[in-house]
Structures are given as C-alpha cells and as structure tokens.
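**Q** Generate a structure from the sequence data that follows.
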Amino acid sequence: MIVPRYDYRYIDQIAAGEKIDESCRHLKYYDKNRPIIAGYDAGPFSSMVFAQRNISKKEFRILKNMWVFHPDQQDELAKKIDSFFTGGKKEIHIHYDRAANQKDPQWKKYYPNYKKMGVNDTDAILLKQELVALGWTVQLISTKQETIYYSQHYRLLNLLFGKSKINKKLDNILIDRNECEALVSSINHSPLKRYEGRTILVKDSERLSFEEQAYNSTQIATALLYLLWGEYSKYLPDSDKNQDTPQGSGTYISS
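**A** Numbering: from 1, shown residues only. Next comes the predicted model:
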C-alpha cells in the first residue's frame, strides 16, 4: 500500500514562504529512537531505500528513497543520509546484493574520491566507513550474500503481497508515496519478461543517462528488492533459498 504520512505540527510552524528543511522530523511514522533498515544498490548510480518496522502493528514502512551518481558516490550518499535523519538514532542496518561485496568492482573507475582504496574495500565497506566517520553505527547484513535470482525475488513478492495464508501473518508493507516518489516510479518502470520458462526483470532502462535513471529505470526498485529479500526471504521455502537455480530461475538481464 502506498500512503503519504507527515506530522504537520512541525510543518505548520513554518512561516509562509520559508523553505522546509528536508529531514526526518516531519515524518509522522519515523521513530527517532529506533535504528533504520536500508536496501542498497551499489554502482555508478547508487540508490537506497530506508524503512522501520512497527512490531506491535505488524507494519514495515518504507520511509525514504535516496540516490547519487557519478561523480558522487559513497561519501555524498553518507552525507545525505546523515543530513536527512538528523536528530534520530544514528544506527543503520544495510541489506544489499552480492555485487556490493566485490573487492574489485568493475565500476571502480567511477570513484574519483577513492584513489587509494584498500585491497579489501568494497562498495558496502566504503559506505560503512563514510557513515562511521559521521558518527553512525553500521551493520552490514549481507557480507556473505550469494546471487539472488529474480525468480526468487518474484516469488517473495508474491508471498508478501499475494493472498496466501502466510501473507496474513506477515507485516503490512507501506510505502510513503511522497518521500518515495522516485521509488514508486521506478517500480512502474520495472517490467517483467518471460523467456524460456524464466521470469526476468528487463533492465534496459539502466542504459539511460544517470540523470534520468532515478525515476525512469529499475535502479531504486532494485534497492527495495534487496531490502525485502534481507528482511523476509526467511519465509520462503528452503528449496527456493538454497538452490543455485530454483525452478523457473533467471537473474537480471538486459535484452
């Protein structure tokens, strides 16, 4: 479900014509005393989505989306995170895919600010270092992440948003349509394709210029997939989590 949620007590105090600071303090359902949970899609275009869980209400709220692209990378992304979530608990748990653990990512050439990267530096580690330098406590959840096939994502989404019996026991996943406008658009730009019995996410849109990719490509929707996989894949059957190529499998492709 996609819903806008603001705390207008703060916004109503702003004088007419005064610029509203972009920060978490106007979010009605953000709990400043709890850590945030994030999905991270690394690369020359880096995107993240941020969420919190309300256990008592069985709600998982996607609160915000962010992105940076070449030449900006982890340092600028960390500054954006720190600026938006100012005044809250500076703790973040990050889910991502296997590519963010690569010690020599093919796009390292896009990192002008990391000329002296260590042999063990990865996209995830670089982001953690930048956040720690700003006073954050960071947990990298996906340090041993294996390949996640799109068929696995697809079945997980059916589980989370479908009508199965187990779905009724899971969290209600809510997306803030105002703070996640690019995410909603990205979801709508993430078409499925059936090819030789496989379920495929068509990623042609990621060939667009970086400036166009936030709203018009699969990039930010992919960050959401990593977040949901990290939080909810435990509810999938073991056969779907453990096999290298589950039935009907297919990873992301550009056709």
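**Q** Report how many residues lie close to residue 158.
**A** 12 (other Cβ atoms under 10 Å). Quick note: C-beta positions are derived from backbone N, CA and C, even for glycine.
**Q** doesn't it fall inside a helix?
**A** Yes: the assignment for residue 158 is a helix, going by DSSP: H, G, I helix; E, B strand; the rest coil.
**Q** Renumber starting at 55 from here on
**A** Got it, the first residue is 55 from now on, which makes the last one we talked about residue 212.
**Q** pLDDT value on the residue nearest to it when sequence neighbours are not counted, please?
**A** Nearest non-adjacent residue to residue 212, counting by Cβ to Cβ, 6 or more residues apart in numbering: residue 218, 7.7 Å away. Among the per-residue scores, residue 218 shows a pLDDT of 72.
**Q** so where's this structure shaky on pLDDT?
**A** For the chain, the stretches with pLDDT under 70 are 55-75, 166-173, 219, 221, 249, 251, 292-309.
**Q** quick one: the helices in this protein?
**A** Using DSSP state H, the helices of the chain run over 62-65, 128-138, 177-187, 204-215, 235-242, 264-270, 273-286, 292-296.
**Q** Identify whichever of those helices lies nearest to residue 155.
**A** helix 177-187 (6.1 Å; Cβ to Cβ).
**Q** where do the strands sit along the chain?
**A** 90-95, 99-108, 113-123, 145-150, 191-194, 226-229, 246-249, 252-255 (DSSP state E).
**Q** can you put the ones you listed in a markdown table and add mean neighbour count and distance to residue 210?
**A** Conversion of these to a markdown table gives the following (neighbours: other Cβ atoms under 10 Å; distance: least, Cβ to Cβ, whole Å):
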| stretch | mean neighbour count | distance to residue 210 |
| --- | --- | --- |
| strand 90-95 | 26 | 13 |
| strand 99-108 | 24 | 15 |
| strand 113-123 | 22 | 13 |
| strand 145-150 | 22 | 13 |
| strand 191-194 | 16 | 21 |
| strand 226-229 | 19 | 11 |
| strand 246-249 | 11 | 14 |
| strand 252-255 | 20 | 12 |
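**Q** Cool, thanks, signing off.
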